[in-house]
Structure formats: structure tokens, C-alpha cells
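I would like the atomic coordinates for the input below:
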Amino acid sequence: MSEIIVNVTDRKNKEHILKGKIGQTLMELIDQNELANPYGICGGEPQCSTCHVYVNNEWLTKLNPKTEEEEFTLDNASELKDNSRLGCQIDLIEELNGLTVKIGPNNNEIWMNNNSLKE
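A predicted model of the protein is given here:
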């Protein structure tokens, strides 16, 4: 299998059925389909949390564990939940065929404020 199906609900609660390629990230798939703007503005480092998604609970155990970097970045996301993840850290693999996620709120303003403080 070189493609998988990913079910994505956008920020306007519209549902989309996307075909993702094995090996790409969820962030790349959502960005490629232009379902959210801004989305993934750091390019998947992870630094910005603009690719914040809520993963349906039944899929959480099938995902790779959160890294310290992802945890740190999620701490800056708004409306954080137990099922929050960064799309840039979710690699599309065969086991995720049928994955269901909802795009999180726009975190661009939070990221811009945090990064302007560092400069």
C-alpha cells in the first residue's frame, strides 16, 4: 500500500477524506490540501504549533510517542487536550489507514508573540 486514507475535520467543522502517501507527514498532507491557513509555518521543525491537531482517541496508541521537542511546543498551543499532537510529528504509515483528526485552533498569533520576544 502506498497510500492511506486520512479523515480530517477542518477549523470550520467541514469533514474531508484525504489520500496521503506513506512517508509524508500529516502536516504535509493537510498543507498540500490547503485545509488550514496558517498551517505548519515552521516547516515541521517542530516549533510553532500551527499544525496542532486533535487525534481521535482510538488512534493515539498507533502513533509514535511524543518527543520532548513536541511536548515543549505543544505547551505553547492554545486549547491543549489529552489527544493533542503536532501534525508534523505524525508520519503516515500503513497502520494509520483511516486515521481521524480535527485541526486545532490557529496558534499563529501565539507563535509570533513568543518568537518576537526572543529576538
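
buried set for stretch 8-24?
Within stretch 8-24, the residues scored as buried using 16 or more other C-beta atoms under 10 Å are 8-10, 18, 20. To be clear about C-beta, it is placed using only N, CA and C from the backbone, and glycine gets the same treatment.

now do the same end-to-end measure for it.
Start and end residues of stretch 8-24 are separated by 15 Å (C-alpha to C-alpha, to the nearest Å).

dump the residue contacts of the residue most central in space within the chain.
Nearest residue to the geometric centre of the chain (C-alpha atoms, centre = their mean): Gly87, 2.1 Å. Contacts for Gly87 (C-beta atoms under 8 Å, 6 or more residues apart in numbering) come out as 25-27, 29-30, 39-40, 51-53, 101.

Ok, Ile4 next?
By C-beta under 8 Å, 6+ apart, the residues touching Ile4 are 19-20, 22, 92-94, 96-99.

what about the strands in the protein?
3-9, 15-21, 52-55, 84-86, 99-103 (DSSP state E).

Can you tell me which of those is nearest to Lys66?
Among the strands of the chain, the nearest to Lys66 by C-beta to C-beta is strand 84-86 (7.1 Å).

I'd like the mean pLDDT over the closest one, please.
In this model, strand 84-86 carries a mean pLDDT of 96.

what residues does it touch?
So strand 84-86 is contacted by 27, 46, 49, 51-55, 63, 66, 70, 73-74, 77, 104 (C-beta under 8 Å, 6+ apart).

same thing with stretch 11-20?
Identification of contacts with stretch 11-20 by C-beta under 8 Å, 6+ apart yields 3-10, 26, 29-30, 33, 35-36, 92, 103, 105-106.

I'd like the distance from it to the chain centre, please.
Relative to its parent chain, stretch 11-20 has a centroid offset of 13 Å by C-alpha atoms, centre = their mean, to the nearest Å.

CA atoms only for it, dumped as CSV, please.
What follows is stretch 11-20 as a C-alpha-only set of coordinates in CSV (Å, rounded to 0.1, in the frame of the first residue of the first chain):
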residue,chain,number,x,y,z
ARG,A,11,-11.4,24.6,11.6
LYS,A,12,-14.9,25.3,10.2
ASN,A,13,-16.0,21.7,11.1
LYS,A,14,-16.1,20.6,7.5
GLU,A,15,-15.0,16.9,7.0
HIS,A,16,-12.5,15.9,4.4
ILE,A,17,-11.4,12.5,3.2
LEU,A,18,-7.7,12.8,2.1
LYS,A,19,-5.4,10.4,0.3
GLY,A,20,-2.0,10.5,1.9
